[in-house]
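>>> what follows is a predicted protein model with its sequence.
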Amino acid sequence: MEEFLMRFLDIGAFNLNSDDTKLEKLRAAVRDLAGALQKTPAKTASFTMVAADPSVPSSDPVLDEAMAVVRKHWETVSNAFTGRPVAVLRAVLLDAIVQAARRDDAIAVAFVNAARNALAHSETADEAPIWRDAISEIETKVDARAEAEWATPEMISVEPLIYAPPAPGKVEFEPPVVDRPALQRKIHSAAGPWGEEDSNPHQSSNPHPWSKEFADRMSVAISETMDTIAEELAPAPLDLSAPLTSLAKAVTAHVEAALASFSSATAGLQRRTHLLWWKEALYSPSAHESYLEMPAFQASALMALDLHEQVPTFSPASVSAFLKEAIRCLPMEPGTEGGGRRDIASLVHEAKTSAFMQPFRALATQYVPAPVGRGPLLALIGHALDDATTEAATLRALGGVDASSSMTPGEWGTYLFRELQAARATSVKSGTRAKKR
């Protein structure tokens, strides 16, 4: 796999004087930082924003953390450079982030979204190919998983019904035995007077009455014997409740599995259909109002929130483009620069104070802690800080953006959506922390 630390070295971002031992020390620091990031993935956005900005303040807490790890392997690093080696630390951070993202899908989501936002407000011309390749690699990984979750298969396969009938029970059975002496006595009684009980009174010299009586008595004797045998051979009642109950449970589980398979297979199609309906209707499910009735920038912020609530953490990169196109359907907002742009300072101030942004602020508070260094704008929006957070110097230091920079509604909504997706992917409090793969 590509080593991005070497890419920075190749373009001359810093100089190790051809000392391979120093390079190995930096590689060891990269491994340590990657492991630390996997343990605390919520730092992904901050790590990415610092790594993406050559103008990041040298006192940023993320640089302090990276410097401490590098110094553990290279004790004299401070003497090797004039001032804090920001370029070295940024290279180490990017390589560590990519290594962690290769192993953890949630970190991958956060990195891609944070990097897309940060690079739009950073001067990284010389590093552009490096960042493009890093984002491309990780975004391809994220899209592969997202497409698998969003795709609709051509066929839905259902596992065959698995049912094991209960083992047949062992039935104790003793066949009845005819009492031959008793039958013999009855026949003797029917045939003549020598029988011990109820003997035939007719002699054999008178065959006709004898025969009739013999037949009558013989039939009765045999019938009674056979009836007795038949009664004893009658089967005991068979209880089928247990095997039928087991079969019913197996069939129910099979049907439920089939329905779950169908639901899972069509989830991507249902989601895409729902999003198309949402885009065409331009109606906010959270505000219960049409986006067309709102100011464009207010609508774009709410659209970012509503879309975030409708899509899973692992979503294709095309979803951001989908949002931007949906926002294009909104009418121009009068009074903005060029008919459709506003400066970031005013947008952040509005997000911090406007009533319509309260649900957004509540979610931001849940996702990210209060800012202590470079981090997402969510931290500035979601936490009650003084108005100084909208000042130019503070916005640049904490949010990585210039207060005077302007955005269109589409750019603002897309920026907020990416921050929400990145924050949810790595936020423990969100309850949606993605599992490692």
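Looks like it came in fine.
>>> buried set for stretch 62-72?
62-63, 65-67, 69-70 (16 or more other Cβ atoms under 10 Å). For every residue, glycine as well, the C-beta is placed using N, CA and C.
>>> before we move on, what about stretch 87-102?
Result for stretch 87-102 [16+ other Cβ under 10 Å]: buried residues 87-101.
>>> keeping just the C-alphas, turn that stretch into PDB.
Provided in PDB are the C-alpha atoms of stretch 87-102 (Å, rounded to 0.1, in the frame of the first residue of the first chain):
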ATOM      1  CA  ALA A  87       5.200  20.000   7.700                       C
ATOM      2  CA  VAL A  88       6.700  16.800   9.200                       C
ATOM      3  CA  LEU A  89       3.800  16.500  11.700                       C
ATOM      4  CA  ARG A  90       1.200  17.000   9.000                       C
ATOM      5  CA  ALA A  91       2.700  14.300   6.900                       C
ATOM      6  CA  VAL A  92       2.800  11.900   9.900                       C
ATOM      7  CA  LEU A  93      -0.800  12.700  10.700                       C
ATOM      8  CA  LEU A  94      -2.000  12.100   7.100                       C
ATOM      9  CA  ASP A  95      -0.200   8.700   6.900                       C
ATOM     10  CA  ALA A  96      -1.500   7.700  10.300                       C
ATOM     11  CA  ILE A  97      -5.100   8.700   9.400                       C
ATOM     12  CA  VAL A  98      -4.900   6.700   6.100                       C
ATOM     13  CA  GLN A  99      -3.500   3.600   7.900                       C
ATOM     14  CA  ALA A 100      -6.300   3.800  10.500                       C
ATOM     15  CA  ALA A 101      -8.900   4.300   7.800                       C
ATOM     16  CA  ARG A 102      -7.800   1.200   6.000                       C
END
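>>> what's around the closest residue to Gly400 other than its chain neighbours, how many residues?
Spatially, and ignoring its direct neighbours in sequence, Gly400 is nearest to Met49 (5.0 Å; Cβ to Cβ, 6 or more residues apart in numbering). Neighbour count for Met49, taken as other Cβ atoms under 10 Å: 28.
>>> so which helix or strand takes in Met49?
helix 44-51 (DSSP states H and E).
>>> downstream neighbour of that helix in the secondary structure list?
Using DSSP H and E, the helix or strand that follows helix 44-51 towards the C-terminus is helix 61-73.
>>> for that following helix, which outside residues touch it?
Contact with helix 61-73 is made by 25-26, 28-29, 32-33, 36, 43, 46-47, 50, 56, 77-78, 84, 86, 88-89, 92-93, 372-374, as judged by Cβ atoms under 8 Å, 6 or more residues apart in numbering.
>>> try 6 Å
For helix 61-73, the surrounding residues in contact (Cβ atoms under 6 Å, 6 or more residues apart in numbering) are 25, 28-29, 32-33, 46-47, 50, 77, 89, 92-93, 372-373.
>>> out of the residues you listed, which are inside helices?
Among these, DSSP state H puts 25, 28-29, 32-33, 46-47, 50, 77, 89, 92-93 in helices.
>>> ok, those vs His349, which is closest?
Ser46 (22.4 Å; Cβ to Cβ).
>>> which of the contacts of helix 61-73 are buried, as a PyMOL select command?
Buried residues among the contacts of helix 61-73 (16+ other Cβ under 10 Å), as a PyMOL selection:
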select buried, resi 25+29+32+33+46+47+50+77+89+92+93+373
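>>> least confident pick among the contacts of helix 61-73?
Across those, the bottom pLDDT score, 87, is held by Val372.
>>> now that one. Nearest residue, chain neighbours left out?
Computed as Cβ to Cβ, 6+ apart, the closest residue to Val372 that is not its neighbour in sequence is Pro61, at 5.8 Å.
>>> ok, the one you found to Gln358 distance?
Using Cβ to Cβ, to the nearest Å, Pro61 is found at 29 Å from Gln358.
>>> next one: Thr21
Between Thr21 and Gln358 the distance is 55 Å, computed by Cβ to Cβ.
>>> same question, Gln421
Gln421 sits 20 Å away from Gln358, going by Cβ to Cβ.
>>> so between the two, which is more surrounded?
The neighbour comparison of Gln421 against Gln358 (other Cβ under 10 Å) goes to Gln421, with 24 against 10.
>>> pretty sure that one contacts Ala114?
No. With contacts counted by Cβ atoms under 6 Å, Gln421 stays clear of Ala114, the gap being 9.5 Å.
>>> give me every residue that touches Gly400.
Gly400 neighbours (Cβ under 6 Å, 6+ apart): 49, 53, 118, 121, 374.
>>> export the ones in helices among the contacts of helix 61-73 to a markdown table and tack on distance to Ala326?
As requested, the ones in helices among the contacts of helix 61-73 are arranged in a markdown table below (distance: Cβ to Cβ, whole Å):
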| residue | distance to Ala326 |
| --- | --- |
| Lys25 | 49 |
| Ala28 | 46 |
| Ala29 | 43 |
| Asp32 | 43 |
| Leu33 | 38 |
| Ser46 | 29 |
| Phe47 | 31 |
| Val50 | 32 |
| Val77 | 48 |
| Leu89 | 39 |
| Val92 | 39 |
| Leu93 | 34 |
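>>> nearest to Ala299 among these?
Checking those against Ala299 with Cβ to Cβ, the nearest one is Ser46 at 29.3 Å.
>>> wait, doesn't the closest one sit right on Gly375?
Yes. Using Cβ under 6 Å, Ser46 is in contact with Gly375, at 4.7 Å.
>>> using PDB, write out the CA atom coordinates for whichever strand or helix holds Ser320.
Taking DSSP H and E as the criterion, Ser320 maps to helix 318-328. Extracted in PDB, the C-alpha atoms of helix 318-328 (Å, rounded to 0.1, in the frame of the first residue of the first chain):
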ATOM      1  CA  SER A 318     -22.700  10.900  -4.600                       C
ATOM      2  CA  VAL A 319     -25.200  11.600  -1.800                       C
ATOM      3  CA  SER A 320     -23.400  15.000  -1.200                       C
ATOM      4  CA  ALA A 321     -23.700  15.800  -4.900                       C
ATOM      5  CA  PHE A 322     -27.400  14.800  -4.700                       C
ATOM      6  CA  LEU A 323     -27.900  17.300  -1.900                       C
ATOM      7  CA  LYS A 324     -26.100  20.000  -3.700                       C
ATOM      8  CA  GLU A 325     -28.400  19.500  -6.800                       C
ATOM      9  CA  ALA A 326     -31.500  19.500  -4.600                       C
ATOM     10  CA  ILE A 327     -30.400  22.800  -3.000                       C
ATOM     11  CA  ARG A 328     -30.000  24.200  -6.500                       C
END
